[in-house]
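Trainee: mind looking at a prediction? Sequence and model below.
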Amino acid sequence: MPNPTAVAPLAKAPNHVAIIMDGNGRWAQARGRPRLFGHHAGARRVREVVEAAAGLGIRYLTIFAFSTENWKRTQVEVAGLMNLFRRYILHETRSLVENDVRVRFIGDRVKLDQKLIELMDELETLTETNDGIHLTIAINYGGRDEVARATKLLAEDVAAGKLAPADVDEETLPRYLDTRVLPDPDLVIRTSGEARISNFLLWQSAYAEYEFIDTLWPDFTAQELETLCQSYASRDRRYGGARA
């Protein structure tokens with residue numbers, strides 16, 4: 001049977017791909033199942049996409065798992081998602097370690113339960129020497145929240161005399177962001193047909209290329225990722241400069 005994640009390395013793969021994984025609930029409802037059924041299907045899709053990204057030559061993959069706004073969902077769904085995150089880490093840790101995946105988490109951990117935080121910390125530690133694909137998972141993450149937290153830290157350094165106000169420029173704030181050790185995304189993908197960025201990597205994606213696709217996340221395939229990356233490779237990225 002063919003490997004569903006089998007892809008060939010691209011000559012010009014994006015270095016960093018970020019994905020807004022949307023559509024789990026609608027995928028489940030279309031099948032007459034509860035929304036959590038779709039979230040479990042979406043979690044299984046993550047492994048395939050990580051494997052495919054590595055095969056294409058993508059070095060960094062960031063996925064949006066839970067936003068600061070997602071707490072507004074029903075208590076049942078939120079509790080189910082938190083349980084799913086714990087189960088995902090427990091189930092996938094060995095595979096991630098063995099397949100040279102470096103895992104990081106971004107977002108504000110204050111509202112997360114202690115057991116989940118401990119699992120996140122442990123997975124980061126276990127994979128910190130891995131240097132295959134770098135997988136970043138955004139949990140309780142919001143772009144505005146991230147910038148606000150970063151600005152507070154920057155202000156504290158200015159107040160403490162560690163940083164002069166005159167030295168603050170657009171290169172300063174990124175050193176305080178959750179993503180400070182990561183390159184900016186080259187390609188941002190949103191599944192499910194929605195054409196908005198939903199507070200995801202606001203600062204980092206200033207010059208990213210975007211793809212808004214109709215596919216619901218549980219149906220997203222390695223081949224679709226490959227097609228989007230090939231489309232990215234054909235684009236002329238000028239960063240505000242004139243066409244040659």
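Mentor: That came through, no problem.

Trainee: residues touching the residue sitting nearest the centre point of the chain, list them.
Mentor: Of all residues in the chain, the one closest to the mean position by Cα atoms, centre = their mean is Ile63, 2.1 Å from it. When contacts are counted by Cβ atoms under 8 Å, 6 or more residues apart in numbering, Ile63 touches 18-19, 21, 46, 49, 135-138. Heads up, the C-betas are built off the backbone N, CA and C, glycines and all.

Trainee: farthest pair in these?
Mentor: Within the contacts of Ile63, Val49 and Ala138 form the most distant pair, 14.7 Å apart (Cβ to Cβ).

Trainee: show me where the chain has strands.
Mentor: 16-20, 60-67, 102-106, 134-141, 187-190, 209-212 (DSSP state E).

Trainee: re earlier: now render the contacts of Ile63 as TSV, adding neighbour count.
Mentor: Output for these, formatted as TSV (neighbours: other Cβ atoms under 10 Å):
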residue	neighbour count
Ala18	28
Ile19	24
Met21	23
Val46	20
Val49	24
Leu135	24
Thr136	24
Ile137	22
Ala138	26
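
Trainee: kindly export stretch 135-152 (C-alpha atoms) in PDB.
Mentor: Below are the C-alpha coordinates for stretch 135-152, written out as PDB (Å, rounded to 0.1, in the frame of the first residue of the first chain):
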ATOM      1  CA  LEU A 135       7.800  21.600  15.300                       C
ATOM      2  CA  THR A 136       6.200  24.500  17.200                       C
ATOM      3  CA  ILE A 137       2.800  24.000  18.700                       C
ATOM      4  CA  ALA A 138       0.800  27.100  19.700                       C
ATOM      5  CA  ILE A 139      -1.400  26.400  22.700                       C
ATOM      6  CA  ASN A 140      -3.300  29.300  24.500                       C
ATOM      7  CA  TYR A 141      -1.700  31.500  21.900                       C
ATOM      8  CA  GLY A 142      -2.800  34.800  20.500                       C
ATOM      9  CA  GLY A 143      -0.700  37.200  18.500                       C
ATOM     10  CA  ARG A 144      -2.000  40.300  20.300                       C
ATOM     11  CA  ASP A 145      -1.400  38.600  23.700                       C
ATOM     12  CA  GLU A 146       2.100  37.600  22.600                       C
ATOM     13  CA  VAL A 147       3.000  41.200  21.600                       C
ATOM     14  CA  ALA A 148       1.500  42.600  24.800                       C
ATOM     15  CA  ARG A 149       3.500  40.100  26.900                       C
ATOM     16  CA  ALA A 150       6.700  40.900  24.900                       C
ATOM     17  CA  THR A 151       6.100  44.600  25.300                       C
ATOM     18  CA  LYS A 152       5.800  44.300  29.000                       C
END
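
Trainee: so how far is that stretch off the chain centroid?
Mentor: 11 Å (Cα atoms, centre = their mean, to the nearest Å).

Trainee: mind checking pLDDT for the residue of the chain positioned farthest from its centre?
Mentor: Distance from the C-alpha centroid of the chain, by Cα atoms, centre = their mean, peaks at Gly161 (34.3 Å). Among the per-residue scores, Gly161 holds a pLDDT of 97.

Trainee: try Ala242
Mentor: 56.

Trainee: burial count for the closest residue to Ile89 other than its chain neighbours?
Mentor: With sequence-adjacent residues excluded and distances taken as Cβ to Cβ, 6 or more residues apart in numbering, Ile89 is closest to Leu119, at 4.5 Å. By other Cβ atoms under 10 Å, 20 other residues sit near Leu119.

Trainee: could you tell me how many residues sit around the nearest residue to Asp186 once chain neighbours are set aside?
Mentor: The spatially closest residue to Asp186, leaving aside those adjacent along the chain, is Pro14, at 3.8 Å (Cβ to Cβ, 6+ apart). Residues contacting Pro14 under the criterion other Cβ under 10 Å number 26.

Trainee: before we move on, what about the one 3 residues further on?
Mentor: Counted by other Cβ under 10 Å, the residues lying close to Val17 total 27.
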